[in-house]
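K.L.:
Below are the sequence and a predicted model for it; my questions follow.
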Amino acid sequence: MTLPVLIDQLVSGLAIGGVYALVALGFALIFGVLRAAQFAHGEVYMVVAFLVLAVLPWFPALGPLQFLLVIVTAAIFGAIAGMLIERGVFRPLADAPHIAPIISTIGLMILLQNLVAYLKGSELHRFALAWPQGNVSVGPASVPVLKLVIFGTALVIPALLQVALTRTQLGRAIRATAIDAETARLMGVNTARTSLVAFAIGSALAGIAGVLVGALYGVVYSTMGVTALVKGYAATIIGGVGNLVGAVAGGLLLGLFEVFVASYVSPRWTDAIVYTLLIVLLALRPQGLVGRAIPEKL
Amino acid sequence: MRSGIFRTQHALTAAVIAAAVIAPLVIADAYIHRLMATVVLAAVLAVSMNLVLGYGGLLALGHAGFYGIGAYTAALVSLHLGAPFPVTALAGAATAALVAWLVARPILHLRGHYFAMAMLAIGEIVVQVAYNWDSVTRGASGLPGISQPDLIVWTAVTHRDNYYLALVLLLLAMLAVRRFVASPLGLGLIAARDDDQGAASVGIGVAQTRTLALALAAGIAGVAGALYAHYITFVSVEPFQLEQTIALLAMVAVGGMGTTWGPVVGAALLTLLPEVLRDFAELRMVIYGALLMLVVWLRPQGLLGRGPSRWGLKLPGRTRPDPSAASGAPALASVVAAPASGPVLDGVAVEFRTATGAAPARTAPTVLTAPEPAPTGEPLLRVEHLSKDFAGLRAVSDVSLEVAPGEIVGLIGPNGAGKSTIINLISGAHRPTSGRIWFNGQDITHSETSRVARAGLVRTFQHIRLFRSLTVRQNVEAAYQVRLWLSLLSVMTRSRRYREAMDEMRVAVDEALALFGLEGVQHQLAGTLSYGDQRRVEIVRALVTQPRLLLLDEPAAGMNEAESAELARFLQEIRQRHGLSIILVEHHLDVVMEVCDRLIVLDHGTVIASGRPDEVVRHPEVLRAYLGGSA
Amino acid sequence: MSRRPLRWVSALVVIALLVAGCGSPGNAADSDEIKIAVVGPMTGDAAQYGEDFTRGAQLAAEQINAADGVDGKKITIVTFDDRNDTTEAASVAQKIATDSSIVASMGHFTSSTVYAAMPIYKSNQLPLVVISASDPGITEQGNEWVFRVSPTNNLGAEAMADLIVSKLGLKKIAIFYLNTDFGKTERGFFTARVQANGGEIVLDEPYQPDTKDFSSSIIKLKNAGADAVYLSSYYNDAVLLIRQAKDAGVQTRWFTSAAVLSPQFTEIGGEAVEGVITNRISQGDSWDAVAEAYRAKYNDEPSPFVIYAYSAVQAVAEAAKNEGTSRQAIRDGLAKIQGLETALGPLTFDENRQAVYESFDYLEVRDGQFQLWQP
């Protein structure tokens, strides 16, 4: 193991971990506010990636500005998709048993996956951004700019979100709802609006992750959401359910784990080892890595 | 009381099964036979998943993994040893159950999505191991050439043969799940689903019960896997992946969680749907997804689940009671019939009077036998220098107290004084930061709630924690199980000892309910009772475990004066009759003054006074804390 | 459930089992058509291959029927989707095998699906012609109802090892392989031949199916000092691996398994896959003629799977002509084929019912196309 190799691996882990982090952050935000798992979260990521791919030819080649434009477009597509799902799937099931939204979003997952496969075909679709390209020197290593940009995006966006959640009225309302929806409602928080907004933001994050992963792999495909969901779910759990900082940390950690296990143990056994570590972690810290054990009120 | 409803239900069951047996003889199409076999195999899996998901309330996202373990084990045993199907099936079941039992230990204390994720991880690990352990499983190539199901005297060759084999398996699986759920173990499982803290508080071993349920479900899935392996004659990892678990989840939820037939209906619908939609080619899964959403939207509780449909759309089976309830014969008549002891909803006072009045002739010592007295001279409970910090905040600080056998001790103090925290610490719900707790000569400082309860120290809650989806009677029966020692085998076979134990339980529970005047509401769901009745159910539930020390956390909360006066009399009565000790946390000072032998006053987490009630209330510190604290 | 229905049911089950024991499957009826099932992944991410199968078989059927069929009988193609899934493969095979109007089946894309389906064809006595699955074991199982027109994967991999090490003199080889039966067996044959030729495997890296991020593997490659890389991959993985490696600045020579041969490879790969070298069994003039007809009909470049499917139909037609149109007759006819002129060139089945192959062509991606290349 030499330093350049290590840096290379670190950057790769952080890039894919950054994608997981964004997916997890969105999942955790939605889960926090609605107390419901959005199993079609990965499909939002996939659908947005396909939508962006469809409009990409119309984007002017403006270097970093184009990249920014792509991110914003993805966020908008994601937010719209999220609001539709909140209104169409979650709202009507607000009083239903906990399992109902899970099954409904599983239905949505199957629907969207197969609809995209039907419309666009189930093969890989090339997805390339004009910027960023090429490599840059980081210390003694040469690493792809793209990976650094993805990691950077995965840090900046959660930071911005954190500011929005703590500094704005609406953000505080979302956090209050996440902590205790009933009390928040009694305190005059419009929980219907906060859940819609939380859904929009959470899904926008998924959308951004979708285009980033498209750029990272160089392709998008109809079943890409499944992996995203599982990894995002795992990252959320690693961090601690309902804990936004934990979700980001969990995502980055998962990405790093995967790269290092694949590099130094075995690519074949990576998943088995990562999942075993996850179980060990949960056995030791049942509330996740960052989560705090909150004693239940009896 | 055996009404026509029951006969109709049984006739219907018999008719469905008869149809399932006859259909493949009438329709002589191998393709249809294959479909039917696939449906029935899926139904076996869904039935086993329902035990964990429906009755246990656990999001078991790794269930297909146990199916896979069964299939691979059977395949390997068959290929290497040439064993016949009964042997391979048993091996598959045992391995799957064993793995479930082993992995369940470290993760069953996880809650909600943490548990779901851990199970998902286990499912993935099974798949990854099967996929990469080339020398044993042949990895991605899979294991070909497995013999067809060989039952020694007969071999299942055609799809129809395999269908019948699967059907027998399904009926056995349904019977096993049903027996489990109707047993006190199953009631404990449902109780833990409804309220795990409440279940632990009466001594139900939540983790143990869930482990048993998970192992049983895994065992059933393992047999299904074995049948799959011998039926298809080839095993590779594809059928055991997350997609399969998700499909099972959908089957159980669509059919109706926690119902007997729901998983079967769900399995049939969701397996046949893609076949019916085959003509739509690539669009079929789009339609499938949309229909899944539509069903959930129309009936979030599942097709056979209880409750109304959206838009009042009527579907069959909507009024089917929970099967576990059916075992207790919740005939409508028994709920409506007025109880002998007087009007049910006429206030607690009436009921308590019945209890405290002339004891019913049949109050044999079976119900609430007076516990043996503790070793003389020793206090029953001794708490030494107990402290508890919450995130740096000291809620309880250096509290020491003792309770003698047969003593009623009141724990009072202003809001936030740490009364409930002490109850939580003593009952094992929270871990103390420092200090020790001795009960009956045993150190219980770090014991779990359920073990503390089994030792004879049982609590009730400030906010009532009944098992809402169980009837009053089942609430009590679920708690009664701590007096039993049930093995899974005795439950499955309904051994003579088990049946005897059940008969004893019925008598004891009848008596306990009668004692509290609850027999008239015994078949109502606990959550539907009046507040006072719920309180009483909670106390019966605690008493039926035969505790030595009862911790009552604000039992009079929400009661009016007459009711709380009755409660006071009642508490003295049970102490007198059964010699048990009570710690009473209470705001109603009149109750406390009347029943307590001794009072302990807390403020800011420390004991500020202790002694006879009439002395304590005049204590200057107490006056200051109460007047100053509330001013 | 009371005891009574259970007793009922057990009685019924016993009766049912007795009755069930008496049935027996019917067999092909005589008709004026020869119905062949084409089965493969018609949906899902391998659907491209299913389409290749169907088109190749359709084209063959059309051309044979245009020339008055097989003694006047028309060849009909019916397609079935096994979604490239083993359970589904077994169940679709059952569906095909119990349709007595079908006299031969061809396809199942991967070796796993063939393995899952094989016993069903045997027990129903329906001949299966394998047209892509490449695990040598398939034809070594003694299942006399299974034939294979496509080559086993040892042949192509060994030819590639000879090319890289012996002809081009590249000694330090990295190999990436898909962790499936296909990838693992191919890797085994390739590695053995490289070592026999005096080469050295400097990196031996498996990857899981559905891998899309090859970062950690590529970092290893970067530091392995390989003169050449060989990929035991299908086109989708190969494209991603090569593209991501080039983006990461890896410079080496790329060689791949014949399994990448698909228009998608060059389409998605673009300039990244320029210069990649692969091989396929040698194609004679007959191949070109079929390819020409294919281009005219579908306006697309045929993959080898098109040609295998085409040849399989030719073989079945020949068998039917010589021995008759029952399932048994076609099986016997296929077993006797020696030197039959097909799209693949002369086709001969060995004693294991495996088509015999001898020589290979090499192809290089040039200007977005696979083009013949001379070492």
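P.N.:
The structure has been received and is ready for your questions.
K.L.:
So what touches the strand or helix carrying residue B:436?
P.N.:
Using DSSP states H and E, residue B:436 maps to strand B:434-439. If you take Cβ atoms under 8 Å, 6 or more residues apart in numbering or on different chains as the criterion, strand B:434-439 is touched by B:380-387, B:398-399, B:425-426, B:443-445, B:452, B:455-457, B:549. Where you see a C-beta, it was placed from the backbone N, CA and C, and this is true even at glycine.
K.L.:
So which of these are in helices?
P.N.:
Using DSSP state H, the subset of those located in helices is B:425-426, B:452.
K.L.:
Can you go through those and name the buried ones?
P.N.:
Buried members of these, scored by 16 or more other Cβ atoms under 10 Å in any protein chain shown, are B:425-426, B:452.
K.L.:
Cross-check those residues against chain A and keep the overlap.
P.N.:
Restricting those to those touching chain A (Cβ under 8 Å from any Cβ of the partner chain) yields no residues.
K.L.:
and of the residues you listed, the nearest to chain C?
P.N.:
Using Cβ to the nearest Cβ, residue B:452 comes nearest to chain C of those, at 38.8 Å.
K.L.:
Give me the phi and psi for the closest residue to that closest one other than its chain neighbours.
P.N.:
Distance criterion Cβ to Cβ, 6 or more residues apart in numbering or on different chains; nearest residue to residue B:452, sequence neighbours excluded, is residue B:428 at 4.2 Å. In this entry, residue B:428 is assigned phi and psi values of phi 90, psi 10 (degrees, to the nearest 10).
K.L.:
where's residue B:428 relative to residue B:457, distance?
P.N.:
8 Å (Cβ to Cβ, to the nearest Å).
K.L.:
Quick check on residue C:355: phi, psi?
P.N.:
phi -60, psi 140.
K.L.:
least trustworthy helix or strand in chain A by mean pLDDT?
P.N.:
None of the helices or strands of chain A scores lower by mean pLDDT, DSSP states H and E than helix A:181-186, at a mean of 79.
K.L.:
And the next helix or strand past that helix?
P.N.:
Taking DSSP H and E, what comes next after helix A:181-186 is helix A:191-217.
K.L.:
Indicate whether that following helix makes contact with chain C.
P.N.:
Yes - part of helix A:191-217 sits near chain C under the criterion Cβ under 8 Å from any Cβ, namely A:216-217.
K.L.:
If we go by neighbour counts, what in that helix is buried?
P.N.:
A:191, A:194-217.
K.L.:
mean confidence for it?
P.N.:
Mean pLDDT, helix A:191-217: 94.
K.L.:
helices and strands around it, which ones?
P.N.:
helix A:3-34, helix A:41-55, helix A:64-85, helix A:145-167, helix A:169-179, helix A:181-186, helix A:224-239 (3 or more Cβ pairs under 8 Å, 6 or more residues apart in numbering or on different chains; DSSP states H and E).
K.L.:
elements contacting the longest one?
P.N.:
The reference is to helix A:3-34. helix A:41-55, strand A:141-144, helix A:145-167, helix A:169-179, helix A:191-217, helix A:224-239, helix A:244-264, helix C:215-222.
K.L.:
next one: the third one
P.N.:
In terms of contacts (3+ Cβ pairs under 8 Å, 6+ apart), helix A:64-85 is packed against helix A:41-55, helix A:191-217.
K.L.:
Turn the ones you listed into JSON lines, including distance to residue B:199.
P.N.:
Shown next, in JSON lines, are these (distance: least, Cβ to Cβ, whole Å):
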{"stretch": "helix A:41-55", "distance to residue B:199": "33"}
{"stretch": "helix A:191-217", "distance to residue B:199": "31"}
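K.L.:
now residue 165, nearest residue through space, not along the chain?
P.N.:
Let's take chain A. Here the residue nearest residue A:165, using Cβ to Cβ, 6+ apart, is residue A:171, at 3.8 Å.
K.L.:
Hmm, no, I was thinking of chain B.
P.N.:
In space, residue B:165 is closest to residue B:156, 5.0 Å off (Cβ to Cβ, 6+ apart).
K.L.:
same deal with residue B:95?
P.N.:
residue B:73 (4.3 Å).
K.L.:
how far away is that neighbour from residue A:23?
P.N.:
Taken as Cβ to Cβ, the span from residue B:73 to residue A:23 is 36 Å.
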